[in-house]
Structure formats: structure tokens, C-alpha cells
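1. Generate a structure from the sequence data that follows.
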Amino acid sequence: MVPVTDRERRTFVLDSIRIGSDGVAISFHQTVTLVIAISVFSASDLLKSLLAAAPHIGQLATLFVTAALAGASLRPSVIAGILGALASVALAAASIVDSAAGFAILILASMMLIQLRLPYTASIHERNYPAERRGRRFSFGL
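-> Okay, the predicted model is just below:
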């Protein structure tokens, strides 16, 4: 059995924090934003469906974004951090817009950016966790 390294321990702690905040963010995106779109903006069916589909659109976009960033010299953790920061900016901007379309586009962008981090998170797990514990570490967050 491979001993637990400081890198693995640190990754697990930081990943546990990320998992907790992602759980809140995803729940918020999928429920509260739809309620806001309906009750505050009287959003159209198209905008409501885009909000509901946002995570899935983001997952589909990972195919293209990951391929586009494959040659980047940035570490996966840096890319994931940048995507998370951009998601936060989009969410903050959504809080100050006064139109249904602007709100929906910014929320869609925020949720897509959160989903775009997933391949980079998997890469971080692959680099920092030994193969015999990777599945257990990953499933803890699920």
C-alpha cells in the first residue's frame, strides 16, 4: 500500500472544500435562479429552458474547451481556478442586470463555467491521488 503523501492530504482537504461549495452553487443555480427568472423577470419559456439546461450545455462544451486548451502551458489547477473565478464574475454580474435575457445569459455562462472545470478536476485527481485510492477519494465527494 502506498503511504499518504502531504500532496494527497492537501489535495483531499482542498477538494473537500471545493465539493462543498460546488454543492451549494449547483443547487443555487438549478433552483433559485429559475425561481428568480420566473418570479422577478417573468422569463419566457426559452429562457427558462436555457437555465434548466445550463449544466448540460456546459458539460457538452467541455469537449470543445478542453480540446482548445489542450496545448496551454497552464496547470489544470490554474485553468480550473480561472474558470471558477469567471463563473463567480458572471454570477455577480447576473445579480445587477435588469433584464430577463441578461440574467439568463449570465447565469447560463456561470453554470457552464462551473461545469467546464470538471475535466481539470479529474486531471488534478489523477496527478495527486495514487491509483489505488483515487476512486475512494473521488467517491467521497459524490
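
2. Can you classify residue 134 by secondary structure?
-> Following DSSP: H, G, I helix; E, B strand; the rest coil, we place residue 134 in the helix state.

3. so residue 84 touches residue 115, yeah?
-> No - here residue 84 does not reach residue 115: they are 11.2 Å apart, not a contact under Cβ atoms under 8 Å. Every C-beta, even on glycine, is put in place using the N, C-alpha and C of the backbone.

4. Please say which of these two ends up with more neighbours.
-> The neighbour comparison of residue 84 against residue 115 (other Cβ atoms under 10 Å) goes to residue 115, with 23 against 19.

5. Hmm, that one is touching residue 65, no?
-> No - judged on Cβ under 8 Å, residue 115 makes no contact with residue 65 at a distance of 9.8 Å.

6. so what's residue 115 closest to, chain neighbours aside?
-> Closest residue to residue 115 apart from its sequence neighbours, by Cβ to Cβ, 6 or more residues apart in numbering: residue 58 at 2.9 Å.

7. List the contacts of the particular helix or strand that has residue 119 in it.
-> Per DSSP states H and E, residue 119 falls inside helix 118-128. Contact partners of helix 118-128, identified using Cβ atoms under 8 Å, 6 or more residues apart in numbering, comprise 7-8, 11, 15, 18, 59, 62, 66, 76-77, 79-80, 83, 134, 137-138.

8. list the contacts for the residue nearest the centre of the chain?
-> Geometric centre of the chain, nearest residue: residue 114, 1.9 Å, by Cα atoms, centre = their mean. The neighbours of residue 114, taking Cβ under 8 Å, 6+ apart as the test, are 22, 25-26, 29, 55, 58, 83-84, 87.
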